[in-house]
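Participant: attaching a predicted model along with its sequence, questions to come.
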Amino acid sequence: MKRSHIFIALFATLLLASCCKDNTFKVEALIDNMPDTKFYLVDKMAIEVLDSTFVTDGVIAFTQQVDTAFEAIIVDATYATPSMKYHLSDTTVHFAFIAEPGKSIKIDLNQGVMLEGTTLNADYIAFNDANKALNGRIKLLSDSLTTLMDNNTLSPEDAENAFYAERDQLNAAFVEQMESMLPAHTNDIVGAIILNTYLAKCEDEERIDAILDTMSDYVLENPAVSRRIQRRIQLKATAEGMPFTDFTVEYEEGTSISLSDYVGNGYYVLADFWASWCPPCRKSMPLLKEFYNEYHDLGLEILGLATRDKVKDSMRAIEEEQMPWPQILSDHNPAAETYGVSGIPHLILFAPDGTILLRGYPDEDFLNQVKEVIKKQ
């Protein structure tokens, strides 16, 4: 046979094998006493319902064509909030796993265990168990300190200090545990899931950089991971001591408003990242108004930066709370995205020249720091 014919035959064989590759993923879940309950298969990261079915003879079965492994969940009740997050109550029956091309798994929803799985799923479950154990220990710590406060055995201040000290130790141990897990998952979905949590827990920039250098583009380009990395970049660019970063909101009527309309114009600006749907934000308003009334005439402006909120909802809350300061409102999220703000309420103090002086939570301790800065001037 001529060499060209051999090449053509080999190519045809490889093409046929590729076309016939079975990427079917199958999951079988055992469940008792829920014959009339609808169950859903959800892409957990994309928050997308892929399929639904009812229990048949004590079994839930899903079959999917899977090109790339992804984090999935079987759940008996899902609902989406405006922020598109699925909420699982204590009574919700659910189980998370990795759906892989050409693989089959079997789980027991009654016991919440995987009966037949894969190596990737075993490591994924080990990570989830470690994460749940951490959260459980933190909750026990909080409950025990609350009991001591209720019994007047411990002051609130001592309880708070003890909580954060112990919590930081628990988080540090979990960070080390994740660092030991990641080398085996530099190029798979489990690595992306672990790294996403690691970036949220670890505060050591050098350790983070060392870990990131070992991860593949597949992991680094995962949507959740890339958002964490982008936020890290934003936080570095807008850390204390850095000049302010401007942003502009365009409105349909042709007008616009920018952060630089307020910041960098010769007076202090305390930016409040808030939302109408955020109870702690609303709770902090009286304290901010008291602070505003005391220091506004001394050269301090407060600027509201609505975060992940609809303009109409923000405007209603402004009227309800009677906020006397200016606001930058948007149906989008330019302020928080620019400044890497993931949790609200959050305050940033800008110097008269626009330098970022302080970032933190709007409590009395933070506002006392703001007072000290202003008094020095």
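Facilitator: Structure received.
Participant: lowest average confidence, helix or strand, in this structure?
Facilitator: In the chain, no helix or strand scores lower on mean pLDDT, DSSP states H and E than helix 3-19, which sits at a mean of 54.
Participant: make sure residue 281 is indeed in a helix.
Facilitator: Yes: assessed with DSSP: H, G, I helix; E, B strand; the rest coil, residue 281 lies in a helix.
Participant: where does the stretch 1-150 of the chain have low pLDDT?
Facilitator: 1-21, 78-91 (pLDDT under 70).
Participant: what about the strands in it?
Facilitator: Secondary structure of the stretch 1-150 of the chain, counting by DSSP state E, counting those that start in this stretch: strands at 24-30, 38-43, 48-54, 59-65, 70-75, 94-99, 104-108, 113-116.
Participant: quick check: can you list the domain ranges of this structure?
Facilitator: The chain breaks down by automatic domain parsing into domains covering 20-116, 120-237, 248-376.
Participant: now these as TSV including mean neighbour count?
Facilitator: Quick note: C-beta positions are derived from backbone N, CA and C, even for glycine. Shown next, in TSV, are the domains of the chain (neighbours: other Cβ atoms under 10 Å):
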stretch	mean neighbour count
domain 20-116	15
domain 120-237	15
domain 248-376	17
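Participant: so how far is residue 233 from residue 205?
Facilitator: Taken as Cβ to Cβ, to the nearest Å, the spacing of residue 205 relative to residue 233 amounts to 12 Å.
Participant: pipe the strands of the stretch 1-150 of the chain into JSON lines and attach distance to residue 349 per row.
Facilitator: As requested, those are arranged in JSON lines below (distance: least, Cβ to Cβ, whole Å):
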{"stretch": "strand 24-30", "distance to residue 349": "51"}
{"stretch": "strand 38-43", "distance to residue 349": "41"}
{"stretch": "strand 48-54", "distance to residue 349": "41"}
{"stretch": "strand 59-65", "distance to residue 349": "50"}
{"stretch": "strand 70-75", "distance to residue 349": "39"}
{"stretch": "strand 94-99", "distance to residue 349": "41"}
{"stretch": "strand 104-108", "distance to residue 349": "51"}
{"stretch": "strand 113-116", "distance to residue 349": "50"}
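Participant: report the contact partners of residue 348.
Facilitator: Contacts for residue 348 (Cβ atoms under 8 Å, 6 or more residues apart in numbering) come out as 238, 270, 271, 273, 339, 356, 358, 359.
Participant: and it, which helix or strand is it part of?
Facilitator: strand 346-350 (DSSP states H and E).
Participant: for the very next helix or strand once past that strand, the distance to its chain's centre please.
Facilitator: Following the chain from strand 346-350 toward its C-terminal end, the next helix or strand by DSSP H and E is strand 356-360. Strand 356-360 sits 22 Å away from the centroid of its parent chain (Cα atoms, centre = their mean, to the nearest Å).
Participant: counting by contacts, list what strand 356-360 packs against.
Facilitator: Counting contacts by 3 or more Cβ pairs under 8 Å, 6 or more residues apart in numbering; DSSP states H and E, strand 356-360 is packed against strand 346-350, helix 364-376.
Participant: neighbouring contacts of that strand?
Facilitator: Taking Cβ under 8 Å, 6+ apart as the rule, strand 356-360 contacts 238-244, 346-351, 366, 369-370, 373.
Participant: quick check: what element follows the lengthiest helix in the chain along the chain?
Facilitator: Criterion DSSP state H: the longest helix present in the chain is helix 119-150. Counting by DSSP H and E, the element after helix 119-150 in chain order, helix or strand, is helix 156-181.
Participant: which residue is the nearest non-sequential neighbour of residue 264?
Facilitator: Leaving aside its sequence neighbours, residue 264 sits nearest to residue 354 (Cβ to Cβ, 6 or more residues apart in numbering; 3.2 Å).
Participant: right, and that neighbour touches residue 267 too?
Facilitator: No: assessed by Cβ atoms under 8 Å, residue 354 is found out of contact with residue 267, at 10.7 Å.
Participant: one step back: what's the closest of the helices and strands packed on strand 356-360 to residue 73?
Facilitator: Closest to residue 73 of the helices and strands packed on strand 356-360, according to Cβ to Cβ: strand 346-350, at 30.3 Å.
Participant: ok, residue 194 to residue 71 distance?
Facilitator: 11 Å.
Participant: ok so, going back, so how far is the longest helix of the chain off the chain centroid?
Facilitator: Chain-centre distance of helix 119-150: 18 Å, with Cα atoms, centre = their mean.
Participant: how about stretch 322-342?
Facilitator: Distance, centroid of stretch 322-342 to centroid of chain: 18 Å (Cα atoms, centre = their mean).
Participant: hey, C-alpha coordinates of that stretch in PDB?
Facilitator: The C-alpha trace of stretch 322-342 is given here as PDB (Å, rounded to 0.1, in the frame of the first residue of the first chain):
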ATOM      1  CA  GLN A 322     -33.900  60.500  53.700                       C
ATOM      2  CA  MET A 323     -30.300  60.400  52.600                       C
ATOM      3  CA  PRO A 324     -29.100  64.000  52.200                       C
ATOM      4  CA  TRP A 325     -26.000  63.300  50.200                       C
ATOM      5  CA  PRO A 326     -25.500  62.900  46.400                       C
ATOM      6  CA  GLN A 327     -25.700  59.500  44.800                       C
ATOM      7  CA  ILE A 328     -24.400  57.700  41.700                       C
ATOM      8  CA  LEU A 329     -27.100  55.300  40.600                       C
ATOM      9  CA  SER A 330     -26.900  52.600  37.900                       C
ATOM     10  CA  ASP A 331     -28.700  49.400  36.900                       C
ATOM     11  CA  HIS A 332     -25.300  48.100  36.300                       C
ATOM     12  CA  ASN A 333     -22.400  47.800  38.800                       C
ATOM     13  CA  PRO A 334     -19.600  50.100  37.700                       C
ATOM     14  CA  ALA A 335     -18.600  51.400  41.200                       C
ATOM     15  CA  ALA A 336     -18.200  48.000  42.800                       C
ATOM     16  CA  GLU A 337     -16.500  46.500  39.800                       C
ATOM     17  CA  THR A 338     -14.000  49.300  39.600                       C
ATOM     18  CA  TYR A 339     -13.100  49.100  43.300                       C
ATOM     19  CA  GLY A 340     -13.300  45.300  43.800                       C
ATOM     20  CA  VAL A 341     -16.200  45.500  46.300                       C
ATOM     21  CA  SER A 342     -17.800  42.200  46.800                       C
END
